[in-house]
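# Here is my input, please return the structure:
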Amino acid sequence: MSEKPKRILWHVVRLLVAAGLVAYVVGQSNLRDAVRSPGSLATEKPLPVLRDAAEGVVVRTGDGGERLIPHAAFSSGGAVRIAGILTVADRLASGWGWVLAALGAMMFQSPVGAVRWQLLLAVQGIRITFWESLRLTYIGWFFNNWLPGATGGDFVKAYYIAGRTHRKAEAVTVVFLDRFIGLVAMCMLGAAAVVVSLSDERVRAAQIIVVAFLAAVAVGGTVFYSPWLRRILWVDRLLAALPLRETVERVDRALLVYRYHKGEVAIAMAYSWLTQVVSVLAVWWLASGLGSQASWYHFFVSMPVIWIAWSLIPVPGGVGVAEALAQGLFGPAVLGPAGAMAPAEAATMALAMMLAYRLVQLAVSLPGAVFYLRRVPECLSA
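Reported below is the predicted structural model:
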């Protein structure tokens, strides 16, 4: 099979996976309010609400008919109303202060990320101004959020920065190193939250994933940066056997440079902690506006897992990946009082939480469109 059909097939597979995940996420949620009728089994599907009446709630039955469930059935605890996506979203609309807080927090991400990227590039001898770094950071973020196709924002940043220097391999390496440092910083924050939440069984799966990811990074980093281990494990020979040997060697040397710039790496990590903290706070505040009763550490432990999958699973924009994981990690016992929230309502709230976060990302990354449109004529005339 030639290269073009392979690329087409790969894009089709990615889109099919995304479509399957979206179908699963929607199937777990209620798009509109539903009622679990008195005497129904927990495995039975709740009945969708058609309208509210003076005597009670009119629902659609399984055979397509209508049924009135009186108010008394709800007050006695025999029937349970499960909020749909629109009802959950209305809570956030009425609590607009949570949205403004999330927007304000997320606006810090790009400026801080621009300083971090500028610092990492300087280690390679590639010097750009803060303004240029900010422009490219916003452009990359815009592409990630608004145009989640085959070309992500990191590739766009890599393309532009490579055009500014003869050290193209090093410049591109820093783009993806910057992303990796962000993931590691997020997991380090998650590990700190693991210590606080160690006795909470509700986040056990997320705790294990965060610790396992950090352990893998620690082992990989030790092997990569230790001359003794590289020699024992034949790392250099393995790298030399890879295709594009010269490019691989340049990338390897670019990464090894940071072994002698521990101070700059530590500062870059501190900047990453700041950007990741505001991201988690934004999700926490949006969830609180939706009615979540989850503690702060639930978000600091579980969101790293979601962002790792969002970054590493090759689905356009992480569509469906983040939402499915949010539904799995933020269940009824986390989002609401124990036994008081139906699984479908928790899944709906988790979906609304991630959709609200995506909308906030779209809003704060809009300046990237302006920077991109202003930059295109510059690149054409260069």
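# show me where the stretch 251-382 of the chain has helices.
For the stretch 251-382 of the chain, the helices defined by DSSP state H, counting those that start in this stretch cover 262-289, 296-312, 321-329, 332-335, 343-364, 367-381.
# and if you look at the stretch 1-150 of the chain?
Applying DSSP H, counting those that start in this stretch to the stretch 1-150 of the chain gives helices spanning 3-28, 71-75, 85-94, 96-106, 109-123, 130-146.
# Make TSV from those and add mean neighbour count and mean pLDDT to it.
Backbone N, C-alpha and C define where each C-beta goes, glycine included. Converted to TSV, the helices of the stretch 1-150 of the chain look like this (neighbours: other Cβ atoms under 10 Å; pLDDT from 0 to 100):
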stretch	mean neighbour count	mean pLDDT
helix 3-28	13	83
helix 71-75	14	80
helix 85-94	16	81
helix 96-106	17	92
helix 109-123	21	93
helix 130-146	21	90
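# Mind checking the helices of the stretch 251-382 of the chain for the one nearest to I161?
Comparing the helices of the stretch 251-382 of the chain by their distance to I161 (Cβ to Cβ), the top pick is helix 367-381, with 12.1 Å.
# ok so, going back, what would the helices of the stretch 1-150 of the chain look like in a markdown table with distance to Y160?
Shown next, in a markdown table, are the helices of the stretch 1-150 of the chain (distance: least, Cβ to Cβ, whole Å):
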| stretch | distance to Y160 |
| --- | --- |
| helix 3-28 | 23 |
| helix 71-75 | 58 |
| helix 85-94 | 36 |
| helix 96-106 | 23 |
| helix 109-123 | 12 |
| helix 130-146 | 6 |
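# so what's R116 up against?
Residues near R116 by Cβ atoms under 8 Å, 6 or more residues apart in numbering: D178, I181, A268, Y271, S272, T275.
# I209 - how many residues pack around it?
A total of 20 residues lie near I209 under the criterion other Cβ atoms under 10 Å.
# Make sure it is actually in contact with V305.
Yes - at 4.8 Å, I209 and V305 qualify as touching, with contact defined as Cβ atoms under 8 Å.
# Out of the helices and strands in this protein, which is least certain?
Across the helices and strands of the chain, the lowest-confidence element by mean pLDDT, DSSP states H and E is helix 367-381, at a mean of 70.
# List the contacts of the most centrally placed residue in the chain.
Closest to where the C-alpha atoms of the chain average out (Cα atoms, centre = their mean) is W307, at 3.7 Å. The neighbours of W307, taking Cβ under 8 Å, 6+ apart as the test, are L183, M186, S279, A322.
# give me the element the second one is part of.
In this assignment (DSSP states H and E), M186 forms part of helix 168-196.
# packing partners for that helix?
Identification of packing neighbours for helix 168-196 by 3 or more Cβ pairs under 8 Å, 6 or more residues apart in numbering; DSSP states H and E yields helix 109-123, helix 153-162, helix 204-225, helix 245-256, helix 262-289, helix 296-312.
# Repeat the analysis, applying 10 Å as the threshold.
helix 109-123, helix 130-146, helix 153-162, helix 204-225, helix 245-256, helix 262-289, helix 296-312 (3 or more Cβ pairs under 10 Å, 6 or more residues apart in numbering; DSSP states H and E).
# ok so, going back, format the contacts of W307 as a markdown table; extra columns: neighbour count and pLDDT.
Converted to a markdown table, the contacts of W307 look like this (neighbours: other Cβ under 10 Å; pLDDT from 0 to 100):
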| residue | neighbour count | pLDDT |
| --- | --- | --- |
| L183 | 19 | 86 |
| M186 | 27 | 88 |
| S279 | 24 | 94 |
| A322 | 26 | 92 |
